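J.: All I have is the shape, not the residue letters:
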């Protein structure tokens, strides 16, 4: 359970870093510190290795997944910021989309046993909350499209 908290703390740090980068860019784009996504990915992969007993290939794939998806999520959020979007629901939707993509990638990398353990952890509980938000958003979009 302690490892679940470390994983959630790491993800919270990523979210805070992205949020801080938005604030810093809004105040002074020239003084913005770049986010070290490689370091974040490495820490996340190490936490997963300890918690879910990953083999070397799984560790590499998790690290690669985060090294690709975290900057992609950040780039999409930066695009929203540059477009002048400040609605928190929009940022939540982008975050949910990318976290869902990461969860799907993790599911492909993990064994069935590891995935079940993941789903019982705090990560799984967050995934369930995200799934509900995504389903609600899809339903709202479908209702809007019918009109």
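T.: All right, it came through fine. These numbers were taken from a predicted model, which means no experiment stands behind them.
J.: what comes up buried for stretch 91-101?
T.: 91, 94-96, 98-99 (16 or more other CB atoms under 10 Å). Bear in mind the C-beta positions are built from the backbone N, C-alpha and C, glycine included.
J.: Take those and keep only those in helices.
T.: Taking DSSP state H as the definition of helices, these contribute 91, 94-96, 98-99.
J.: In JSON lines, list these along with pLDDT and distance to residue 116.
T.: Putting these into JSON lines (pLDDT from 0 to 100; distance: CB to CB, whole Å) gives the following:
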{"residue": "91", "pLDDT": "91", "distance to residue 116": "31"}
{"residue": "94", "pLDDT": "93", "distance to residue 116": "28"}
{"residue": "95", "pLDDT": "93", "distance to residue 116": "25"}
{"residue": "96", "pLDDT": "94", "distance to residue 116": "23"}
{"residue": "98", "pLDDT": "95", "distance to residue 116": "23"}
{"residue": "99", "pLDDT": "95", "distance to residue 116": "19"}
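J.: Out of these, the closest to residue 111 would be?
T.: residue 99 (21.2 Å; CB to CB).
J.: so the closest one makes contact with residue 130?
T.: Yes: checked against CB atoms under 8 Å, the pair residue 99 and residue 130 is within contact range at 5.7 Å.
J.: Where does pLDDT dip in the protein?
T.: 1-32, 147 (pLDDT under 70).
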